[in-house]
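>>> sharing a model prediction with you, sequence too.
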Amino acid sequence: MAKLWSGRFAKESSKLLDEFNASLPFDKELYKEDIQGSIAHAKMLAKQGILTEDEKNSIIEGLKQIEKEIEEDTFVWDIGDEDIHMAIEKRLTQLIGDAGKKLHTARSRNDQVATDFRLYVQKQNREFMELLKKLIATFVTIAKEHKSTLLPGMTHLQHAQPISFAYHMLAYASMFKRDFERFASSFERNNYSPLGCAALAGTPHNIDREYTAKELGFNAPTINCLDTVSDRDFALEILFNIATMMMHISRLAEELILWSSYEFRFITISDEYATGSSIMPQKKNPDVPELLRAKTGRAYGNLMGLLTVMKGLPLAYNKDMQEDKEGVFDSVKHAKISLEILDAVLRAMRVNKEQMEKAAKIGHLTATDLADYLVEKVGVPFREAHFITGKAVALAEQMGKDISDLTYDELYSIDERIASDVLEYLNLRNSMNARNSYGATSEEQVAKQIAYFEDFLRKA
Ligand code: ARG
């Protein structure tokens, strides 16, 4: 069948061209947004006297019929239609005749695709915000149960200072809250309507862009049409926001993998979310966090892909930009299921408190507390305190125990200025609670952090 744009062409296009040129196989994902945009456009054209009421009504009826056909899978997809915009327009004309041919007045596929894609991305921004709220709530729930659960806090993956498991979970709540804010600010920045920009220069028809913007839930129309039809920043932003979020997910995934190993045993992943080995009957593998860690790769790739497509493009629309969609669909799809399964894994995992606390007894986590004690209570200069503490560590090592298990007599044997209140300083939980500065790991500070995230969740 002849193309909608075939007026100036003498020969039919080749099959190979159809296959190479078409975006229909993937942009059919935008059918809802395309219909939504067309309905708003038709209403506006009628309001402006460009379409009659009858024409508008039959267009809307036809579009709703098409939506139903697509949803019921009776719509006939023809790659020769090139993209979702022309597939729907062709079918509309089949259904309602000449009125269908008037729908494209004062519009181009350039502003149409920019509108559809932006509507899609805005919807996804909202959905990511909801999923992130759910995940943050999960961290808060776990934190509430583990304010006094000790864990060896690490730097360089080496035991450093005692912290609580709640504190560790709230570090992730902080990261995902920033992710939430990125999706929210992208939504705000991009909430402007491209519809009515037409090909690149606007239109001589008396249209009302304010009206279509409001109809579609945008704040207002965009200010410069030349920019609008060539702008894909909104798509780059969601790709970046997803890439950063996946990077956060991959860090937590890595910790879940380590923690569920025999070496750590800090957590046990629930059977529902673990997998077995086809050969080793004893194995229980952390496939879910491993896949979460890996999916970061495609998220970065999709971002780099679109940045590269957009680089160096002259104004305004170029067909290169048709390559903007698949990467976004892919990132969105994988990031959403990642968020959902991560939340489920966290909610179902067992936290092995005793094992964490046992690990906190390895590596002399309270050595800094002994040095602090010597400075504060004994008045020793820090360098000397550091040296004395080193001797206490050596003694503990010699005796095969942790510094927090040294007796008062043993400590006294190292330096006679040490009094018996030193034992309070060396106690792991006291050490954690001593870190009571704003934002620190003490139970008091963690309670404030929990209240902060609860407040955020109430208002977000
Ligand atoms: N399928 C195209 C895309 O996804 C729609 C816009 C085409 N516009 C054009 N003038 N060829 O970018």
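In hand now; what should we look at?
>>> close to the ligand: what parts of the stretch 51-200 of the chain are there?
Contact residues, the stretch 51-200 of the chain versus the ligand (Cβ under 6 Å from any ligand atom): 83, 109, 110, 113. Quick note: C-beta positions are derived from backbone N, CA and C, even for glycine.
>>> tell me the secondary structure at the residue lying closest to the last one once chain neighbours are set aside.
Right, the one you point to is residue 113. Nearest residue to residue 113 in three dimensions, chain neighbours excluded: residue 85, at 6.6 Å (Cβ to Cβ, 6 or more residues apart in numbering). With DSSP: H, G, I helix; E, B strand; the rest coil as the basis, residue 85 sits in helix.
>>> ditto for residue 49
Per three-state DSSP, residue 49 ends up coil.
>>> give me the pLDDT for it.
Residue 49 carries a pLDDT value of 98.
>>> so what's it up against?
residue 206 (Cβ atoms under 8 Å, 6 or more residues apart in numbering).
>>> for it, give me phi and psi.
Dihedral pair for residue 49: phi 80, psi 10, per degrees, to the nearest 10.
>>> burial count for the residue in the stretch 201-350 of the chain that the ligand sits nearest to?
The stretch 201-350 of the chain approaches the ligand most closely through residue 322 (3.6 Å), counting by Cβ to the nearest ligand atom. By other Cβ atoms under 10 Å, 18 other residues sit near residue 322.
>>> okay but it is in contact with residue 24, surely?
No. In this structure, residue 322 is not within contact of residue 24 by Cβ atoms under 8 Å, at 10.7 Å.
>>> name the residues contacting each of those two.
Counting by Cβ under 8 Å, 6+ apart, the residues touching both residue 322 and residue 24 are residue 83.
>>> and residue 112, what is it in contact with?
34, 37, 85, 195.
>>> can you select the buried ones among those for me in ChimeraX?
In ChimeraX syntax, the buried subset of the contacts of residue 112 is picked out as below (16 or more other Cβ atoms under 10 Å):
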select :34,37,85,195
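>>> am I right that residue 75 sits in a helix?
No. Under three-state DSSP, residue 75 falls outside any helix and is assigned coil.
>>> that one - nearest residue in space that isn't next to it in sequence?
Leaving aside its sequence neighbours, residue 75 sits nearest to residue 69 (Cβ to Cβ, 6+ apart; 4.1 Å).
>>> who's in contact with the residue nearest to residue 113?
Residue 85 sits next to 34, 109, 112, 113, 116 when contact means Cβ under 8 Å, 6+ apart.
>>> just give the number of residues close to the last one.
A total of 28 residues lie near residue 116 under the criterion other Cβ under 10 Å.
>>> repeat for the second one
Neighbour count of residue 109, defined by other Cβ under 10 Å: 21.
>>> now do the contacts for it.
Residue 109 neighbours (Cβ under 8 Å, 6+ apart): 83, 85, 86.
>>> can you read off the backbone torsions of it?
phi -70, psi -20.
>>> okay, it and residue 44: tell me how far apart.
17 Å (Cβ to Cβ, to the nearest Å).
>>> equivalent analysis for the first one, please.
Applying Cβ to Cβ, one obtains 16 Å for the distance of residue 34 from residue 44.
>>> ok, and the most crowded of the residues of the stretch 51-200 of the chain next to the ligand?
Sorting those by how many neighbours each has (other Cβ under 10 Å) puts residue 113 first, at 26 neighbours.
>>> the nearest residue to residue 334 once chain neighbours are set aside sits in which helix or strand?
Nearest non-adjacent residue to residue 334, counting by Cβ to Cβ, 6+ apart: residue 295, 5.0 Å away. Per DSSP states H and E, residue 295 falls inside helix 287-310.
>>> again with residue 152
Secondary structure (DSSP H and E) places residue 152 in strand 150-155.
>>> got a list of what the closest residue to residue 326 other than its chain neighbours touches?
Sequence neighbours aside, residue 26 is the residue nearest to residue 326 in space, at 5.2 Å (criterion: Cβ to Cβ, 6+ apart). Contacts for residue 26 (Cβ under 8 Å, 6+ apart) come out as 325, 326, 329.
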